[in-house]
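Engineer: Sequence and computational prediction follow.
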Amino acid sequence: MKPLRIALTKGRLEDDTVALLEKVGMNCDNVHNKGRKLILPIGDGSIEVVLAKAADVITYVEHGVCDLGVVGKDTILEHGGSFYELLDLGFGKCRFALAGPTGRNFFTGYHTKVIASKYPNVARSYFEGKAMDVQIIKIEGSVELAPLLGLADAIVDIVETGTTLKENGLAVIDTICHISARLIANEASLKLRKVEIECLAARMEQAKEEAQ
Ligand SMILES: Nc1ncnc2c1ncn2[C@@H]1O[C@H](COP(=O)(O)OP(=O)(O)OP(=O)(O)O)[C@@H](O)[C@H]1O
Ligand SMILES: O=P(O)(O)OC[C@H]1O[C@H](OP(=O)(O)OP(=O)(O)O)[C@H](O)[C@@H]1O
């Protein structure tokens, strides 16, 4: 039987994901000593970890070259796709928020508001829900710069502690939704390797409950 391939988001979520896999009994020394390797067998070799960027985790799972993936709900909401979302893993907690210069009332004035975001689809959906017509500008990172430079009236971005907003004279106008890491599965894999995947998911869920 070929190893079950699980794509992990490199960066913030990687450590918590590895810690959870170790809690369910997987030896992850290969990941700790990975160097620049991107595909690492873990445990007894029955699972292979693939280290990828957040949006690529979804692509690999959707196309079936990975059976499972760990990715933030923010990426799921922005990227969309065809896969099953099996578990809320309980870490990587943050939220999507609309934020703008402290003290300025975003909802007054008649000009079309300009919104900067790394997540244009999330921003568009939020304002459609408010029946507000806005102009959305895609920014790749450090999105807080947009209102500071006069490019945008506000941003839709991730907020965790609120430090970045506060230190740049910005404040949350509205919380859009809460975010955490999710375990996703390829639709065919969940049918063809149902027992293996559901067993691993159940062990991860139990480890998550024990940690809380
Ligand atoms: N403060 C935060 N900022 C961004 N992401 C966070 C934060 N807190 C938790 N997360 C979660 O961690 C995931 C990965 O974040 P990370 O910064 O590692 O990658 P990224 O922001 O997608 O990549 P890059 O920074 O290279 O564009 C996010 O998709 C989100 O689900
Ligand atoms: O509420 P806080 O705890 O300050 O965290 C929120 C910040 O963290 C993320 O930035 P990141 O460092 O990932 O860089 P990025 O802006 O390039 O995504 C996010 O884009 C916010 O800027």
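Structural biologist: That came through fine. Ligands and ions are numbered 1, 2, ... in the order given.

Engineer: Every contact and neighbour count from this point should use C-alpha atoms.
Structural biologist: Will do.

Engineer: Do stretch 93-109 and ligand 1 come into contact?
Structural biologist: Yes. Stretch 93-109 lies in contact with ligand 1 when judged by CA under 6 Å from any ligand atom; the contacting residues are Lys93, Cys94.

Engineer: Show the average pLDDT along that stretch.
Structural biologist: Per-region confidence: stretch 93-109 scores 94 on mean pLDDT.

Engineer: Now do the end-to-end distance for that stretch.
Structural biologist: Terminal residues of stretch 93-109 are spaced 34 Å apart (CA to CA, to the nearest Å).

Engineer: So what touches the longest helix seen in the chain?
Structural biologist: For the chain, the helix reaching the highest residue count under DSSP state H is reported as helix 194-211. The set of residues that contact helix 194-211 without belonging to it, under CA atoms under 8 Å, 6 or more residues apart in numbering, is Leu20, Leu21, Lys23, Val24, Leu86, Leu87, Leu89, Gly90, Leu190.

Engineer: go with 7 Å
Structural biologist: For helix 194-211, the surrounding residues in contact (CA atoms under 7 Å, 6 or more residues apart in numbering) are Leu20, Lys23, Val24, Leu89, Gly90, Leu190.

Engineer: Redo those residues as JSON lines? Include distance to Arg182 and neighbour count.
Structural biologist: As requested, the contacts of helix 194-211 are arranged in JSON lines below (distance: CA to CA, whole Å; neighbours: other CA atoms under 10 Å):
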{"residue": "Leu20", "distance to Arg182": "12", "neighbour count": "20"}
{"residue": "Lys23", "distance to Arg182": "17", "neighbour count": "17"}
{"residue": "Val24", "distance to Arg182": "17", "neighbour count": "19"}
{"residue": "Leu89", "distance to Arg182": "5", "neighbour count": "23"}
{"residue": "Gly90", "distance to Arg182": "8", "neighbour count": "16"}
{"residue": "Leu190", "distance to Arg182": "16", "neighbour count": "19"}
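
Engineer: For the chain, which residues are neighbours of ligand 2?
Structural biologist: Applying the criterion CA under 6 Å from any ligand atom, the portion of the chain that neighbours ligand 2 consists of Gly141, Ser142, Val143, Asp157, Ile158, Val159, Glu160, Thr161, Gly162, Thr163, Thr164.

Engineer: Compare these and tell me which is most surrounded.
Structural biologist: Going through the residues of the chain next to ligand 2 with other CA atoms under 10 Å as the criterion, the one with the most neighbours is Asp157, at 25 neighbours.
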